[in-house]
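Q: take a look and give me a structure for this.
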Amino acid sequence: MGSLELVKIKTTTMSNSKHNLIFFTVVMFTIYLWSFLHTESCIRILAPAENRELGLIELSQTFFLIAIGKISYSQFNIAQIFKRAQDFLWFLFFCLMVFVLLEEIDYGLHYYDYLLGNDAYSTNIVNFRNIHNQGNNNRVFKGLFISILTLLFVVLPLLKLRIGRLVYSMHYAVFYLLHTVSTYVISLVLLDQLTILQQEIFHKSQIYNELRELSWYFILLSFIYEFKNELIIPLKITK
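A: Coordinates of the predicted model:
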């Protein structure tokens, strides 16, 4: 494959990623508007207070995580993970995404409770449902995840860093900052417009927290899809 053809493919991929990010942004701000115009229906469909795990936002998160896992799984050779750094890093990333997915669905207990007609969040295994809601783990995990995303999508683009053929693009930084900040700001504005009862439902549904996580998973999916063949690490692991 000639260098000109590689440039054409790369340009097309970047163009598609920008279009996808713009489309997703339009969808997100449409949801923000919906939440202002009719908060109850928005929450009931997207993140129902009684069981937000089966709302459209959480289901979309699960879909994005499965897609990320599928792409990362295709990027390593299991026989090479202890021989080549690139395969090892993709394998670690795949394991991380599997862990995040399992945590998001409480290791399948969301669907187990729903299919058996149990009350939401009623089933536990040896007093265990997930790791991230134990003690202060949720704050720690989320802080770590935000730090990684900020490094990937803000710090590295500002440094104009290049790894292999991967060049970090500023449009990811704009998208990440826009959705991370907007969910905080818009939720504060919306809360001032709600009654006390509506505020209780709003807090229980955590709709804006879930939207923020959805945007993080989407940007990660878009990034991985665009650059899956660009990260070249010509190192071998020696014993």
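Q: hey, let's count contacts and neighbours off CA atoms from now on
A: OK.
Q: quick one: low-confidence parts of the protein?
A: Residues of the chain that meet the criterion pLDDT under 70 lie in 1-16, 120-122, 126-127, 161-168, 230-239.
Q: could you pull out the helices for it?
A: Ranges of helices in the chain, per DSSP state H, are 3-37, 39-46, 56-73, 85-104, 109-115, 137-150, 156-159, 170-191, 196-205, 207-227.
Q: adding distance to N124, write those out as JSON lines.
A: JSON lines is the format used below for the helices of the chain (distance: least, Cα to Cα, whole Å):
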{"stretch": "helix 3-37", "distance to N124": "33"}
{"stretch": "helix 39-46", "distance to N124": "25"}
{"stretch": "helix 56-73", "distance to N124": "20"}
{"stretch": "helix 85-104", "distance to N124": "13"}
{"stretch": "helix 109-115", "distance to N124": "8"}
{"stretch": "helix 137-150", "distance to N124": "18"}
{"stretch": "helix 156-159", "distance to N124": "41"}
{"stretch": "helix 170-191", "distance to N124": "31"}
{"stretch": "helix 196-205", "distance to N124": "20"}
{"stretch": "helix 207-227", "distance to N124": "23"}
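Q: compare these and give me the one nearest F128.
A: Nearest to F128 among these is helix 109-115 (10.5 Å), distances taken as Cα to Cα.
Q: closest to R129 out of the helices of the chain?
A: helix 109-115 (7.5 Å).
Q: for that closest one, buried residues please.
A: For helix 109-115, the buried set under the neighbour-count rule, 16 or more other Cα atoms under 10 Å, comprises L109, H110, Y111.
Q: stretch 72-85 too?
A: Neighbour-count burial for stretch 72-85 flags S72, Y73, Q75, F76, N77, I81, F82, K83, R84, A85 (criterion: 16+ other Cα under 10 Å).
Q: closest to P157 among the buried residues of helix 109-115?
A: The closest of those to P157 turns out to be H110 (Cα to Cα; 37.6 Å).
Q: can I get stretch 197-211 as PDB, trimmed to CA atoms?
A: The C-alpha trace of stretch 197-211 is given here as PDB (Å, rounded to 0.1, in the frame of the first residue of the first chain):
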ATOM      1  CA  LEU A 197     -39.800  16.100  44.600                       C
ATOM      2  CA  GLN A 198     -38.300  16.400  41.100                       C
ATOM      3  CA  GLN A 199     -34.900  17.000  42.600                       C
ATOM      4  CA  GLU A 200     -35.200  13.800  44.600                       C
ATOM      5  CA  ILE A 201     -36.000  11.800  41.400                       C
ATOM      6  CA  PHE A 202     -33.300  13.600  39.500                       C
ATOM      7  CA  HIS A 203     -30.600  12.700  42.100                       C
ATOM      8  CA  LYS A 204     -31.800   9.100  42.300                       C
ATOM      9  CA  SER A 205     -31.700   8.700  38.500                       C
ATOM     10  CA  GLN A 206     -28.200  10.300  38.300                       C
ATOM     11  CA  ILE A 207     -29.000  11.000  34.700                       C
ATOM     12  CA  TYR A 208     -26.300  13.600  34.100                       C
ATOM     13  CA  ASN A 209     -23.700  11.500  35.800                       C
ATOM     14  CA  GLU A 210     -24.700   8.600  33.400                       C
ATOM     15  CA  LEU A 211     -24.600  11.000  30.400                       C
END
